[in-house]
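Chemist: Fold the following for me, if possible:
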Amino acid sequence: MRVQYEKLHRFCEETFQKYGFNSKDSFVIADVLVQADLFGVESHGVSRILKYIDLLEQKVIQIDAGTEIVKETKLSAVLDAHSAMGQLAATEAMQTAIKKAKQHGIGMVQLRNSNHYGIAGYYALLAAKEHLLGVSMTNSPAIMAPTFCAEALLGSNPIAFAMPAGKYPFLYDGATTVITRGKVELYQKTGKQLMEGWTVDETGKNEVRPDIILKNIREKRGGGILPVGGRGELSAGYKGYGYAMICEIMTSVLGGGVFSMHKTDKGDTSQCFYAVDYGMFGDKREIEDRMQMLISEIHQAKKEEGQQHIYTAGEKEFEKEKEYRENGIPVNDKTYQELEILGKKLGVAW
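Modeler: Numbers count the residues shown, from 1 in each chain. Have a look, this model is predicted:
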């Protein structure tokens, strides 16, 4: 089933207005969610709307909470979100970083006591749209079993990096686990089994049933999702483990937040937002041209047999966005039904 972009965006906006958010804030929340669907990241799009509503109804997400400046310099800030809606606190944090970068060359903002904020790439892209280099990371509840460890201690801990170029920015947004918890939940929702080598049970053996993996994570029974690279050292799983540690350091450690292994996912998420004005290294247009030159040289390289194009990070997502804006956004049957039911419950047209 495909749904037009405008219809999906409007539905999300009106839904969050029903829960007490003003029109401006509702637009921001909807924009983050629908952008994920435009990029083809279904696990972080409108399929998550019921999870946010559940947190709102439990009063975990505080509708009227505002960010508080804990510490600030010309180049940096530490903000406390006080369990505000993650998308709103995160957008404010990146806008603060952007403002500092425009004034002083670099802006570095740490955010603690936040909530799930959607796709990390959305915030890195906010900086890129201002011709700045953008970085965003977030920790999450423990789902990753580190190399040689039999229990989940680190989150999916995604890292997003955006750099302006020619046609599209370079936009990398990736979890440090082979898949995210959201993707495991999506497989459960659609009745699919996981790929072997993605997840392990409490004994460290392969487990492909998403319901078992989610139960083990929820009840802290052991096992979990493997780091990028997979199990052990042979396929370099320690690299994904290391990237997750870098994210944890840049979020909870520097921001004074809660470590992944102690998170409840109830207003205790730590995030970071960095913006860099690369104009301090030379002419900005020339740097962007060099970035495009690098991408173009990769495009022109010899292709693997049967392949027509070598992609760089973000290209597929921007191509999907163009197609989905024109022809509608794919929404799986289960999510479509959930949104229909939600619309009837709230009196929001679907």
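
Chemist: for the record, mean pLDDT for stretch 161-176?
Modeler: Stretch 161-176 carries an average pLDDT of 96.

Chemist: Next: stretch 232-245.
Modeler: The average pLDDT within stretch 232-245 is 93.

Chemist: what does it rub up against?
Modeler: 144, 146-148, 154-157, 159, 176-178, 226-231 (CB atoms under 8 Å, 6 or more residues apart in numbering). In this view, the C-beta of every residue, glycine as well, is placed from N, C-alpha and C.

Chemist: Could you tell me which of those residues count as buried?
Modeler: Burial by neighbour count, 16 or more other CB atoms under 10 Å: within the contacts of stretch 232-245 this picks out 144, 146-147, 154-157, 159, 176-178, 226-231.

Chemist: Give the other helices and strands that the helix or strand where residue 29 lies contacts.
Modeler: Here residue 29 sits within helix 23-38, counting by DSSP states H and E. If contacts are counted by 3 or more CB pairs under 8 Å, 6 or more residues apart in numbering; DSSP states H and E, helix 23-38 sits against helix 5-18, helix 86-104, helix 121-128, helix 315-327, strand 329-330.

Chemist: Mind doing that once more with 6 Å?
Modeler: Applying 3 or more CB pairs under 6 Å, 6 or more residues apart in numbering; DSSP states H and E, we find helix 23-38 packed against helix 5-18, helix 86-104.

Chemist: so which of the ones you listed is the most packed in?
Modeler: Greatest average neighbour count among those goes to helix 86-104 (a mean of 22), per mean count of other CB atoms under 10 Å.

Chemist: Export that one to PDB, keeping only CA atoms.
Modeler: The C-alpha coordinates for helix 86-104 follow below in PDB (Å, rounded to 0.1, in the frame of the first residue of the first chain):
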ATOM      1  CA  GLY A  86      13.200  13.400  21.500                       C
ATOM      2  CA  GLN A  87      12.600  15.000  18.100                       C
ATOM      3  CA  LEU A  88      12.000  18.400  19.600                       C
ATOM      4  CA  ALA A  89      14.900  18.400  22.000                       C
ATOM      5  CA  ALA A  90      17.200  17.100  19.300                       C
ATOM      6  CA  THR A  91      16.200  19.600  16.700                       C
ATOM      7  CA  GLU A  92      16.800  22.400  19.300                       C
ATOM      8  CA  ALA A  93      20.200  20.900  20.200                       C
ATOM      9  CA  MET A  94      21.300  20.800  16.500                       C
ATOM     10  CA  GLN A  95      20.100  24.300  15.800                       C
ATOM     11  CA  THR A  96      22.100  25.400  18.800                       C
ATOM     12  CA  ALA A  97      25.200  23.700  17.400                       C
ATOM     13  CA  ILE A  98      24.600  25.200  14.000                       C
ATOM     14  CA  LYS A  99      24.300  28.700  15.400                       C
ATOM     15  CA  LYS A 100      27.600  28.300  17.300                       C
ATOM     16  CA  ALA A 101      29.300  26.900  14.200                       C
ATOM     17  CA  LYS A 102      28.200  29.800  12.100                       C
ATOM     18  CA  GLN A 103      29.500  32.300  14.700                       C
ATOM     19  CA  HIS A 104      32.700  30.500  15.900                       C
END
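
Chemist: So what touches it?
Modeler: 25, 28-29, 32, 67, 74-75, 77, 79, 81, 107, 109, 111, 114-118, 123, 126-127, 130, 132, 273-275, 277 (CB atoms under 6 Å, 6 or more residues apart in numbering).

Chemist: buried stuff in stretch 72-85?
Modeler: Buried residues in stretch 72-85, counting neighbours by 16+ other CB under 10 Å, are found at 76, 77, 78, 79, 80, 81, 82, 83, 84, 85.

Chemist: Rounded mean pLDDT for it, please.
Modeler: In the prediction, stretch 72-85 has an average pLDDT of 98.

Chemist: That one: how far from the chain's middle?
Modeler: 19 Å (CA atoms, centre = their mean, to the nearest Å).

Chemist: first to last residue in it, what's the distance?
Modeler: 22 Å (CA to CA, to the nearest Å).

Chemist: do the same with stretch 175-192
Modeler: 21 Å.

Chemist: Show only the entries of the buried residues of stretch 72-85 found in strands.
Modeler: Judged by DSSP state E, strands contain the following of these: 76, 77, 78, 79, 80.

Chemist: Show me the beta-bridge partners of the fourth one.
Modeler: In other words, residue 79. residue 69, residue 111 (DSSP bridges).

Chemist: what's the domain layout of the protein?
Modeler: 1-58+315-349, 181-225 (the TED database).

Chemist: Show the backbone phi and psi for the closest residue in space to residue 257 that isn't next to it in sequence.
Modeler: In space, and not counting its chain neighbours, residue 257 is closest to residue 270: 3.1 Å by CB to CB, 6 or more residues apart in numbering. When read as degrees, to the nearest 10, the backbone of residue 270 gives phi -110, psi 140.

Chemist: Give me the neighbour count for residue 37.
Modeler: A count of nearby residues for residue 37, using other CB atoms under 10 Å, gives 27.

Chemist: Wait, it touches residue 45, no?
Modeler: Yes. Using CB atoms under 6 Å, residue 37 is in contact with residue 45, at 3.5 Å.

Chemist: Many thanks, have a good one.
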